[in-house]
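Undergrad: Show me how the following folds:
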Amino acid sequence: MTTEKETSSFTPVVAHLPNFLMSLQAHTTSTPLTTKLFGVVMFADISGFTALCESYTKPDEKGMCSTDQLTTCLNDYLGHIIEGILKGGGDILKFAGDALLALWLCQKSQLSQVVPSVLQTSLDIQTQCNGYKTDKGVQLRLKIGLAAGAMDSFVVGGSEARQFAVIGQAIDDVNQAQSLASIGSVTVSWTALEACTELSYSGRVLKNGYMQVNKVSTQPVQRTDRDSVLNTLLPPLSELRSHTCGSFLTPPGNITDLTYLSNSTAQGILVQRQSQAMNLTLKEQETLKTYLPKAVVSKLNDSQSLAWLSEMRIVSILFINVNLDMKTDVHIIMEQLQLVFTVIHKTVTRLNGSVNKLFMFDKGCTFLAIFGLPGEKHENDATRALRSARQIFIHLKEREMNCSIGVTTGRTFCGVVGHPTRHEFTVIGSRVNMAARLMMAFPGCVTCDESTMNSSGVSHKLFKSVVPDRPLKGIEDAGSLYAYNTEIHHELFFTSLVTNTAVEDNDAEVQQAINTLGCDFQKVKLRNERKHDALLPTDWSCNQCID
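TA: Predicted coordinates for the structure are as follows:
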């Protein structure tokens, strides 16, 4: 057990972690690890964040962007959703940019009490948060899916970095519920509803037994099957409340400071979460930090405000989707996930990138990696991102694992978003959406946008123009898209950057090639070979590469 002083220094870390993870003794054991869970899950999906980011980040007459106002608005909105979940007894598992995954742990016998409570919490959140109108005129809309059942959690990684994920039938069901939900609605799986023998609700039947619910009551009701539910539609969006940015939070101060609490209930939640930290040893606390991005840990260790991490910056984004068999034995999935994480983390960090998140809900097994975050910024981040994508693709292919990777480069909101008691570092913007769409639209290959190709310094001969089979969801103008040739060794395709003359006569070009490779100058060696008395193109080799 830690002292009060030691716990106080760890307190800022608590807000970045779910209760489930702090309660789990995964940080005291070797990885990988799997644990059985049971409960109710919520998938809340927000539309409008990308448009909001774009509107706030358009330079004004002085060439300045309103990043502070954007951060305030994002946290204002997300803060109310999160607070509703926390006050309702939920635990925020994951932030996914414009989505949240929350969990209410319980026993199967408790579903009849927990499901109605979560349903009412979801309806209250919809009433308060759907149709939120910002001062930029962008309307934020919300849809919520709920499900209940068994799940398996995984912890993967090692001493340097860890990630966790949750899979199972309940996760599959909540994905389906969210996809069937319409804007402003709460959609529930039938397995969650049928566990509530004394729940009266009104709504309408959707396909596959999912229900759109708009009112609940705990009064007993007689019903023989799900088709006896009242077919009552939700009120039109025009009748729902509209809000302006800043109207939700009444206390003084700026939420980007992440220092104030909006009410006494939130204060109680934070105290409860801090008390969990008191039961952790210093070693356990340090291990839990490995779940956080290095940029966040650096700020926390230096006792600096996390508000400084919220900014618009040019980064390169990797979305990596790995095709794992989720129907096989859970321990096989765990070992495969550990292997995949090791390959991705080793490759990305070696090239000075950051593995930000592991998702295993709406898009299957997906990793998000970022190049260009504070402390890891390079002029050739696009090159590093492409090179990382290629190496990950090849190494997973060698292990008979198929993957799809989308790579984009551009101005993106990077920062800590959420509520003072629960928040995470994430990235939001059109380039993030584009990378995710490319990953799903072009299975089995590495694709990128034009900005990445042009910024990489890689020969355009290694790219092939591609067109998706259907328009990319949520992307009005995708621009030119390219498939990246992963078959050619990087030591060969970077040779176009240098000439065949002597090295000592081309220091500038040699340095350019080394910078483009993203390697340390001392760890690159030059080889010139002659074949049939003809000087071959310069061939580069780097001792730190994992090719």
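Undergrad: So Asn208: helix, strand or coil?
TA: helix (DSSP: H, G, I helix; E, B strand; the rest coil).
Undergrad: Now for it: which residues touch it?
TA: Gln176, Leu180 (C-beta atoms under 8 Å, 6 or more residues apart in numbering). Where C-beta positions appear, they are placed from N, C-alpha and C, glycine not excepted.
Undergrad: Next one: it, what pLDDT does it get?
TA: What the model reports for Asn208 is a pLDDT of 81.
Undergrad: Give me the distance between it and Asp173.
TA: 10 Å (C-beta to C-beta, to the nearest Å).
Undergrad: next one: Lys36
TA: For Lys36 relative to Asp173 (C-beta to C-beta), the value is 17 Å.
Undergrad: Which one's more surrounded, the two?
TA: Set Lys36 next to Asp173 and count neighbours by other C-beta atoms under 10 Å: Asp173 wins out with 25 against 10.
Undergrad: That one sits in which helix or strand?
TA: helix 169-180 (DSSP states H and E).
Undergrad: What helices and strands are in contact with that helix?
TA: Secondary-structure packing of helix 169-180 (3 or more C-beta pairs under 8 Å, 6 or more residues apart in numbering; DSSP states H and E): strand 33-47, strand 139-157, strand 186-188.
Undergrad: Okay, buried residues for that helix please.
TA: Ala170, Ile171, Asp172, Asp173, Val174, Asn175, Gln176, Ala177, Gln178, Leu180 (16 or more other C-beta atoms under 10 Å).
Undergrad: Now do that helix: distance to the chain's middle.
TA: Taking C-alpha atoms, centre = their mean, to the nearest Å, one finds helix 169-180 lying 18 Å from the centre of the chain it belongs to.
Undergrad: How about stretch 36-51?
TA: So, by C-alpha atoms, centre = their mean, the centroid of stretch 36-51 is 12 Å from its chain's centroid.
Undergrad: And stretch 151-170, by the same measure?
TA: Distance of stretch 151-170 from the chain centroid (C-alpha atoms, centre = their mean) equals 14 Å.
Undergrad: quick one: buried residues of that stretch?
TA: Residues of stretch 151-170 classed as buried: 151-157, 161-168, 170 (neighbour count, 16+ other C-beta under 10 Å).
Undergrad: for Ile405, helix, strand, or coil?
TA: Relying on three-state DSSP, one would call Ile405 strand.
Undergrad: Help me confirm that it comes into contact with Thr447.
TA: Yes. If you go by C-beta atoms under 8 Å, Ile405 and Thr447 touch, sitting 7.3 Å apart.
Undergrad: Show me what Ala148 is bridged to.
TA: Val40 (DSSP bridges).
Undergrad: Now do the same contact list for it.
TA: Residues near Ala148 by C-beta under 8 Å, 6+ apart: Gly39, Val40, Val41, Leu111, Val114, Val115, Ala170, Asp173, Ser189, Thr191, Ala192, Ala195.
Undergrad: could I get these as a markdown table with pLDDT and distance to Phe20?
TA: Compiled in a markdown table, these are given as follows (pLDDT from 0 to 100; distance: C-beta to C-beta, whole Å):
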| residue | pLDDT | distance to Phe20 |
| --- | --- | --- |
| Gly39 | 96 | 9 |
| Val40 | 97 | 13 |
| Val41 | 97 | 11 |
| Leu111 | 92 | 18 |
| Val114 | 93 | 15 |
| Val115 | 92 | 19 |
| Ala170 | 95 | 14 |
| Asp173 | 95 | 19 |
| Ser189 | 94 | 21 |
| Thr191 | 89 | 21 |
| Ala192 | 91 | 19 |
| Ala195 | 84 | 21 |
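Undergrad: Kindly indicate which of those residues lies nearest Lys283.
TA: Gly39 (28.9 Å; C-beta to C-beta).
Undergrad: what's the burial count for that closest one?
TA: By the criterion of other C-beta under 10 Å, Gly39 has 24 neighbours.
Undergrad: quick one: it and Lys108 touch, right?
TA: No. Using C-beta under 8 Å, Gly39 makes no contact with Lys108, being 9.3 Å away.
Undergrad: Please pull out the lowest mean pLDDT helix or strand from the protein.
TA: Ranking every helix and strand in the chain by mean pLDDT, DSSP states H and E puts strand 534-535 at the bottom, with a mean of 34.
Undergrad: Return the set of buried residues in stretch 130-145.
TA: In stretch 130-145, residues buried by neighbour count (16+ other C-beta under 10 Å) are 130-134, 136, 138-145.
Undergrad: same question for it, mean pLDDT?
TA: 90.
Undergrad: so how far is the first residue of it from its last?
TA: End-to-end span of stretch 130-145 (C-alpha to C-alpha, to the nearest Å): 14 Å.
Undergrad: for the stretch 51-200 of the chain, which spans come out with low pLDDT?
TA: 58-65 (pLDDT under 70).
Undergrad: how about the helices in it?
TA: Using DSSP state H, counting those that start in this stretch, the helices found in the stretch 51-200 of the chain span residues 67-87, 111-129, 169-180, 190-193.
Undergrad: and of the ones you listed, who's closest to Leu438?
TA: helix 169-180 (20.1 Å).
Undergrad: which residues touch the closest one?
TA: 39-43, 45, 101, 143-151, 187-189, 191-192, 206-208, 210, 212, 360-362.
Undergrad: rewinding a little: can I get the helices and strands packed on helix 169-180 in TSV with distance to Val355?
TA: Formatted as TSV, the helices and strands packed on helix 169-180 follow (distance: least, C-beta to C-beta, whole Å):
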stretch	distance to Val355
strand 33-47	18
strand 139-157	9
strand 186-188	32
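Undergrad: who wins for proximity to Gln120 among those?
TA: The nearest among the helices and strands packed on helix 169-180, by C-beta to C-beta, is strand 186-188 at 9.8 Å.
Undergrad: buried residues in that closest one?
TA: Neighbour-count burial for strand 186-188, counted by 16+ other C-beta under 10 Å, picks out Val186, Thr187, Val188.
Undergrad: on that earlier part again, could you point out which of the buried residues of helix 169-180 is nearest to Gln285?
TA: Distances from Gln285 to the buried residues of helix 169-180, taken by C-beta to C-beta, are shortest for Ile171, at 28.7 Å.
Undergrad: I'd like the distance between that closest one and Leu21.
TA: Counting by C-beta to C-beta, the separation of Ile171 from Leu21 is 16 Å.
Undergrad: Grab the most central residue of this protein for me.
TA: In the chain, the centroid-proximal residue (C-alpha atoms, centre = their mean) is Ala96; its distance is 3.7 Å.
Undergrad: ok, it touching Lys357?
TA: Yes. With contact defined as C-beta under 8 Å, Ala96 and Lys357 form a contacting pair (7.1 Å).
Undergrad: circling back: which of the buried residues of strand 186-188 sits closest to Gly415?
TA: Val186 (28.7 Å).
Undergrad: ok, now which ones touch that closest one?
TA: The contact partners of Val186, taken as C-beta under 8 Å, 6+ apart, are Leu119, Ser122, Leu123, Gln126, Ile144, Gly145, Leu146, Gln212, Val213, Asn214.
Undergrad: can you rerun that using 7 Å?
TA: Leu119, Ser122, Leu123, Gln126, Ile144, Leu146, Val213 (C-beta atoms under 7 Å, 6 or more residues apart in numbering).
Undergrad: If any of these are buried, put those into a ChimeraX selection.
TA: The buried residues among these can be selected in ChimeraX (16+ other C-beta under 10 Å) with this line:
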select :119,122,123,126,144,146,213
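Undergrad: could you dump the contacts of Val186 to CSV with distance to Ser456?
TA: Putting the contacts of Val186 into CSV (distance: C-beta to C-beta, whole Å) gives the following:
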residue, distance to Ser456
Leu119, 49
Ser122, 44
Leu123, 48
Gln126, 44
Ile144, 40
Leu146, 43
Val213, 49
